[in-house]
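Engineer: I would like to see how this sequence folds:
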Amino acid sequence: MPPFSTITIISHAREFSNYFFVNNDKLMCYFCDHSINFQIKNTIIAYISSKTHIYNKKEKENQQIKKRQLTIQTLINTSEVKKIIINNLVKTFIMADIPLEKVDKFQNQEQGHSIYLRNILVENRSVLQRL
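Structural biologist: Numbers count the residues shown, from 1 in each chain. Got it, this is the predicted structure:
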């Protein structure tokens, strides 16, 4: 009896790492933002050699676009994490008696982005003071 092997989405993503990435248990194409059935290897190979994929790959390489399209579930998860971080930050400001009107922006040193908090803090002041 031949050895049993399990083909997983991650194994195909590793094998075709120049073309695909895994997002929410879907094999997604870097160039076409299209999900591919990962269970049949011939489907993946046929997709890679399709005219549409080759055209999209050339276009994105010419434009040097490296961004990935996110799924709705990923965006929802990210948005909920941001809400938790902002709520924790606001609680910390309140516990430290920092006036919310004085906070104009909070600098994220790692990425160089600014999070404008004053409006968020002032709008949610009544809710936050109950915490």
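
Engineer: for A13, see how far away I36 is.
Structural biologist: I36 sits 10 Å away from A13, going by Cβ to Cβ, to the nearest Å. All C-beta atoms are positioned from the backbone trio N, CA, C, and that covers glycine.

Engineer: again, but for K58
Structural biologist: Separation of K58 from A13 (Cβ to Cβ) stands at 22 Å.

Engineer: the more surrounded of these two?
Structural biologist: Taking other Cβ atoms under 10 Å, K58 and A13 do not tie; A13 has more neighbours (17 against 11).

Engineer: please name the residues that touch the closest residue to N23 other than its chain neighbours.
Structural biologist: In space, and not counting its chain neighbours, N23 is closest to T71: 5.5 Å by Cβ to Cβ, 6 or more residues apart in numbering. Residues in contact with T71 (Cβ atoms under 8 Å, 6 or more residues apart in numbering) are N23, N24, K26.

Engineer: for ChimeraX, write the selection for the buried entries among these.
Structural biologist: Only the buried entries of those go into this ChimeraX selection, using 16 or more other Cβ atoms under 10 Å:
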select :23,26
